[in-house]
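K.L.:
Based on what follows, work out the 3D shape:
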Amino acid sequence: MKKARSVLSVFLAVVAAFGVVTAVTSCASKPKKVVVATDATWPPMEYVDENKNIVGFDIDLINEVAKAGNFQVEIKNTAWDGIFAGLAAGDYQVVASSVTITDERKQTMDFSEPYVNAGQVLVVRKDITGVTTLADMVGKNVGAQIGTTGAIEIGKVSGVNLKTYDEVGLAFQDLVNGNIDGVVADSPIAANFALQNATYKEALMIVGQPFTDEYLGFAVKKGDTATLKLLNDGLAKVKSSGKLDELVAKWLK
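P.N.:
Numbering: from 1, shown residues only. You can find the predicted model right below:
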């Protein structure tokens, strides 16, 4: 009887161990889910299309990074003015929303490796002449989305009046309507409104050259090394495969 109990104990222990191994294996094989916030108001980088889907360069890119890095993403449309506060609070793990990597932002969040350079440019109406730089806009009103590097750059030029907007599209609308004299935005955004948008391309033009080097990256909560590694590993594969170049050609040229 003692021996029978001993054999039974061993059997039950083996079964229990097998169950633990199976559970661990199951958990290991299931891709991690990462919640990604984006302010879907910046075509062609991120916006809501006619079918109510969130699309754009950043959306395609984060999905390709997830595929290459073997994790899943859930996209969460989030207003820009609270997007970094939500990241710090843990409402999501990543911000993929044309975020420029700056020394100031590095103090409160961490960044993936950069994936594209999107310097700031100045957009004006085609009836304006003699303007090539922000310095030529002294005494004039220039718009940008609140909290962006475009707004920061305008603020650096003494005598230029900064007007901020919750969405960059509102700034371009005000420009076309004559309520402001220029808009500063990332070059991909500016190209979309001034060169591709059927409503605006006959009225607007980009002047001069990009006047900043601004590298975009995915932002994560300060100290979140696990998510950062997922992003960087996947991004490295997307870059080496040539897929990043394909997305640039699709959305930004």
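
K.L.:
distance between the helix or strand hosting A226 and the chain's centre?
P.N.:
Per DSSP states H and E, A226 falls inside helix 225-241. Put simply, helix 225-241 sits 15 Å off its chain's centre (CA atoms, centre = their mean, to the nearest Å).

K.L.:
just checking, what packs against it?
P.N.:
Using 3 or more CB pairs under 8 Å, 6 or more residues apart in numbering; DSSP states H and E, the elements in contact with helix 225-241 are strand 32-38, helix 57-69, strand 219-221. The way it works is simple: take the backbone N, C-alpha and C, and place the C-beta from them, glycine included.

K.L.:
gap between A88 and Q107?
P.N.:
According to CB to CB, to the nearest Å, A88 stands 12 Å off from Q107.

K.L.:
higher neighbour count, those two?
P.N.:
Set side by side, A88 and Q107 show more neighbours around A88, with 11 against 8, by other CB atoms under 10 Å.

K.L.:
Spatially nearest residue to the more buried one (excluding sequence neighbours)?
P.N.:
Spatial nearest neighbour of A88, chain neighbours left out: K221 (6.2 Å); criterion: CB to CB, 6 or more residues apart in numbering.

K.L.:
Next one, pLDDT for the one you found please.
P.N.:
Note on K221: pLDDT of 98.

K.L.:
quick one, which of the helices and strands packed on helix 225-241 is packed in tightest?
P.N.:
Among the helices and strands packed on helix 225-241, strand 219-221 has the highest mean neighbour count (mean count of other CB atoms under 10 Å), at a mean of 24.

K.L.:
just to revisit the earlier point, what is the residue nearest to A88 paired to in the beta sheet?
P.N.:
Under DSSP bridges, the beta-bridge partners of K221 are M109.

K.L.:
Could you shift the numbering so residue one becomes 4, and keep it that way?
P.N.:
Will do, 4 is the new start, and the previous item becomes K224.

K.L.:
I'd say it and G89 touch.
P.N.:
No: K224 is beyond contact range of G89, at 10.0 Å (criterion: CB atoms under 8 Å).

K.L.:
quick one: the strand or helix carrying E156 to chain centroid distance?
P.N.:
E156 is located in helix 152-158, with elements delineated by DSSP H and E. The chain centroid and the centroid of helix 152-158 are separated by 18 Å, computed with CA atoms, centre = their mean.

K.L.:
Now tell me what touches it from outside.
P.N.:
103, 105, 123, 137, 145, 147-148, 163, 165, 167, 171, 186-189, 214-215, 217 (CB atoms under 8 Å, 6 or more residues apart in numbering).

K.L.:
Give me the buried positions along it.
P.N.:
Across helix 152-158, burial judged by 16 or more other CB atoms under 10 Å covers 152-157.

K.L.:
Out of those, which one has the lowest pLDDT?
P.N.:
Within the set of the buried residues of helix 152-158, pLDDT is lowest for T152 (89).

K.L.:
Distance of it relative to G72?
P.N.:
Note on T152: its distance to G72, by CB to CB, is 27 Å.

K.L.:
All the strands of the stretch 4-153 of the chain, in order from the start?
P.N.:
In the stretch 4-153 of the chain, the strands defined using DSSP state E, counting those that start in this stretch lie at 35-41, 44-45, 49-51, 57-58, 74-80, 97-98, 112-114, 119-120, 123-128, 144-148.

K.L.:
Given the fifth one, what are its sheet partners and their directions?
P.N.:
To tie it back to what came earlier, the one meant is strand 74-80. Here strand 74-80 has these sheet partners by DSSP bridges: strand 35-41 (parallel).

K.L.:
do the same with the last one
P.N.:
In the sheet containing strand 144-148, its partner strands are strand 164-168 (parallel), strand 185-189 (parallel), by DSSP bridges.
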